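Undergrad: Pasting the sequence and the predicted coordinates here, then a few questions.
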Amino acid sequence: MNLIIRSTIIVLLIISGFLLIWLITWNTGFQESIIQSVFTQDYPLRQTIDSRIHLIYTIFCGISFFFGVFLFIFFRKTTSPEILYLIISVLSFAFLSLRFPISLIIPSQHMIIPPTTIIKCYYFFYLFSISLFFLGGLFSNGIPFIKQNLLLSASFFISFIIALVIPLNYNGTLPATPTLFSYLGTLSIFIKFLEAAAVINYLAAARRNNNLQYILLSVSLLPILIGIESIYSLYSIPVMVVGIVLYFSGLVFFANRIYRIRLWN
């Protein structure tokens with residue numbers, strides 16, 4: 001694990017840890033002090049959010065954070081870019097829990113940080129994490145391991161630029177009940193393209209390496225991606241709970257398959 005990868009993981013660990021603490025301490029003095037520092041004094045929030053939604057987002061953030069910590073400790077000596085990218089992706093997924101405070105924001109001209117900035121952060125981490133799933137598959141298709149820093153940097157800056165320049169209209173709410181595989185906006189369409197490309201990437205690796213284990217990697221990506229879509233595309237408690245289960249089980253299966261492939265190679 002080189003310095004750039006290690007530094008990226010540590011920074012994400014620290015920030016995602018603070019995000020998890022913030023979600024856990026929601027509606028406490030600690031949380032209110034953060035809200036007031038980000039927005040304005042006595043900033044009003046929508047209080048109509050279902051407490052179960054908050055709980056699901058907190059659980060999702062916790063799974064991402066603690067599973068990332070586990071992978072970081074267990075694979076601290078690995079050189080496999082697929083595993084290293086997985087760690088960074090999982091920790092980046094924790095930031096998708098930003099959707100919870102976004103849904104509570106009331107637009108105000110006195111806000112220190114505009115709502116679109118928080119939405120762009122949400123989409124940046126979404127783009128960054130999904131792109132790493134795709135780029136990780138490239139190493140299984142013959143890209144040299146030495147390129148991992150280059151691809152990581154490219155993924156970061158491209159995701160940042162896209163999230164920065166794409167126009168976002170904010171009207172105070174997020175779509176409540178879109179269909180399972182449908183978001184509004186160009187960014188969401190691009191994210192779905194990356195998700196499909198990540199799955200296809202490992203199918204191509206199976207053919208290139210004549211190894212059926214890569215097909216299992218591709219299959220294990222599906223519950224991860226479907227789980228995320230279920231949590232963040234639908235506003236239904238049962239579906240979101242199923243999404244949490246799919247997300248966690250997919251992560252465990254995906255990490256296990258990569259470990260076995262690299263162990264035998």
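TA: Good, I have the coordinates.

Undergrad: what's around the nearest residue to residue 237 once chain neighbours are set aside, how many residues?
TA: Of all residues not flanking residue 237 in the chain, residue 52 sits nearest, at 5.4 Å (C-beta to C-beta, 6 or more residues apart in numbering). The way it works is simple: take the backbone N, C-alpha and C, and place the C-beta from them, glycine included. A total of 11 residues lie near residue 52 under the criterion other C-beta atoms under 10 Å.

Undergrad: One more: residue 61?
TA: Around residue 61 there are 25 other residues, counting by other C-beta under 10 Å.

Undergrad: ok, the residue nearest to residue 237 to residue 227 distance?
TA: If you measure residue 52 against residue 227 using C-beta to C-beta, to the nearest Å, the figure is 17 Å.

Undergrad: And for residue 134?
TA: Between residue 134 and residue 227 the distance is 17 Å, computed by C-beta to C-beta.

Undergrad: what does residue 147 give?
TA: For residue 147, the distance to residue 227 (C-beta to C-beta) stands at 29 Å.

Undergrad: Neighbour count for those two, which is higher?
TA: For residue 147 against residue 227, the residue with the higher neighbour count under other C-beta under 10 Å is residue 227, and the figures read 22 against 14.

Undergrad: Tell me who's in contact with the more buried one.
TA: Residue 227 makes contact with 242-248, 250 under the criterion C-beta atoms under 8 Å, 6 or more residues apart in numbering.

Undergrad: Let's see that with 6 Å instead.
TA: If you count contacts by C-beta atoms under 6 Å, 6 or more residues apart in numbering, residue 227 has them with 243, 246-247.

Undergrad: JSON lines please, covering those and showing neighbour count, pLDDT and distance to residue 260.
TA: Compiled in JSON lines, the contacts of residue 227 are given as follows (neighbours: other C-beta atoms under 10 Å; pLDDT from 0 to 100; distance: C-beta to C-beta, whole Å):
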{"residue": "243", "neighbour count": "24", "pLDDT": "91", "distance to residue 260": "26"}
{"residue": "246", "neighbour count": "20", "pLDDT": "94", "distance to residue 260": "21"}
{"residue": "247", "neighbour count": "26", "pLDDT": "94", "distance to residue 260": "21"}
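
Undergrad: From those residues, pick the one nearest residue 65.
TA: residue 247 (13.1 Å; C-beta to C-beta).
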